[in-house]
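Visitor: Attaching a predicted model along with its sequence, questions to come.
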Amino acid sequence: MKKSALIAAWLAIMGLLFAQKPVPCSGPLSEAKLAGLIKGHVAEERLNLIVRTCGVDFEWSDSVKSRLRAAGAPAGLLEEIRAHGPKMATTVAGTKKVNPKDGLTYVWIPPGTFMMGCSPGDSECDADEKPARPITIPRGFWIGQTLVTQEAYGRVMGQKPSSFRGDRRPLEQVDWNDTQAYCRAVGMRLPTEEEWEYAARAGNTSSRYGSLDAVAWYNGNSGYQTHDVGQKQPNTWGLYDMLGNVYEWTASNYNANTKVLRGGAWYNSPRYVRVSSRVEYDPGYRPNFAGARCVGE
């Protein structure tokens, strides 16, 4: 046998042995971790074994498939990922879990498509809510069942910067950077305004997901202060205070200098306590009417 053939046979045997080497798992692989292994030229057989053994923590979707193909994933590996990934798309909307880092409950929001912007028949919409347009949320996500409370923020960040004091009252007097830092500290992030409105509507096409006094603290019933979270009627997916109490910072830019806040607050008139209403503030502003809720995959 020629030397080149012997070398090829030896490499094939070693590749097989490497592919069968036990895989230590600390948990399912993230998409970023798997992409790194692919780009690191780990053998396909080894990658398949890793996926079969450890699983992946992201949903299978066309967008995931495209990104991993771009990273160099072979067809066989893509099939392994599809077969061994979590079936999060079938998780029931409204499923709950507690984040041990902040002690708050988070609710599963399934992927889907909705009409974002001015609701049918809503005569109070501003120009920046128009026109309504279809938006697809391709991946499900977890979102805080309530606003971030002062108790949760203090537990994670060691302080409670709010003017209306109370552990179960919503966090306020925080800027965009404060809320982003908190969400990252608990392994999450701020929602985009598309995610926020999708979650707030919960399949409802009206300007509010219930009667105003039933769902929101606003200037007609708040006594011009915040209130403990979770006292009003939730929406269909079990989310409280998506309208009223305090505005919520989002990850989205309104323009080059400001960020979008959604939901309305304790001091607002009814016009601004609607699911499509948008306001903008400098990301360094710390008002007593703005807080947050986090999302995560």
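Guide: That came through, no problem. Numbering: from 1, shown residues only.
Visitor: How about the contacts made by Tyr104?
Guide: Quick fix: residue 104 is Leu, not Tyr. Val98, Gly144, Gln145, Thr146, Val148, Thr149, Ala152 (Cβ atoms under 8 Å, 6 or more residues apart in numbering). Heads up, the C-betas are built off the backbone N, CA and C, glycines and all.
Visitor: ok, and the most crowded of the residues you listed?
Guide: Gly144 (29 neighbours; other Cβ atoms under 10 Å).
Visitor: ranges for the strands of the stretch 1-150 of the chain?
Guide: All strands of the stretch 1-150 of the chain, identified by DSSP state E, counting those that start in this stretch, fall at 96-98, 105-109, 112-116, 133-137, 141-144.
Visitor: and the third one, average pLDDT?
Guide: The average pLDDT within strand 112-116 is 96.
Visitor: Over to the first one?
Guide: The average pLDDT within strand 96-98 is 95.
Visitor: helices or strands up against it?
Guide: In terms of contacts (3 or more Cβ pairs under 8 Å, 6 or more residues apart in numbering; DSSP states H and E), strand 96-98 is packed against strand 105-109.
Visitor: on that earlier part again, tell me the one among the contacts of Leu104 nearest to Val229.
Guide: Thr146 (4.0 Å; Cβ to Cβ).
Visitor: residue contacts, that closest one?
Guide: Thr146 touches Leu104, Thr105, Pro170, Val229, Gly230, Leu239, Tyr240, Asp241, Arg293, counting by Cβ under 8 Å, 6+ apart.
Visitor: list the contacts for the fourth one?
Guide: The neighbourhood of Val229, defined by Cβ under 8 Å, 6+ apart, consists of Thr146, Leu147, Thr149, Arg168, Arg169, Pro170, Tyr240, Asp241, Asn245.
Visitor: same deal with the fifth one?
Guide: By Cβ under 8 Å, 6+ apart, the residues touching Gly230 are Gln145, Thr146, Arg168, Tyr240, Asp241.
Visitor: now for the residues you listed, which pair is the farthest apart?
Guide: Gln145 and Arg168, at 13.0 Å, using Cβ to Cβ across these.
Visitor: thinking again about what came up before, greatest separation within the contacts of Thr146: which pair is it?
Guide: Pairwise across those, and taking Cβ to Cβ, the largest span is found between Thr105 and Pro170, at 14.6 Å.
Visitor: out of the two, which sits in the busier spot?
Guide: Neighbours per residue, other Cβ under 10 Å: of Thr105 and Pro170, the larger number sits with Pro170, 31 against 16.
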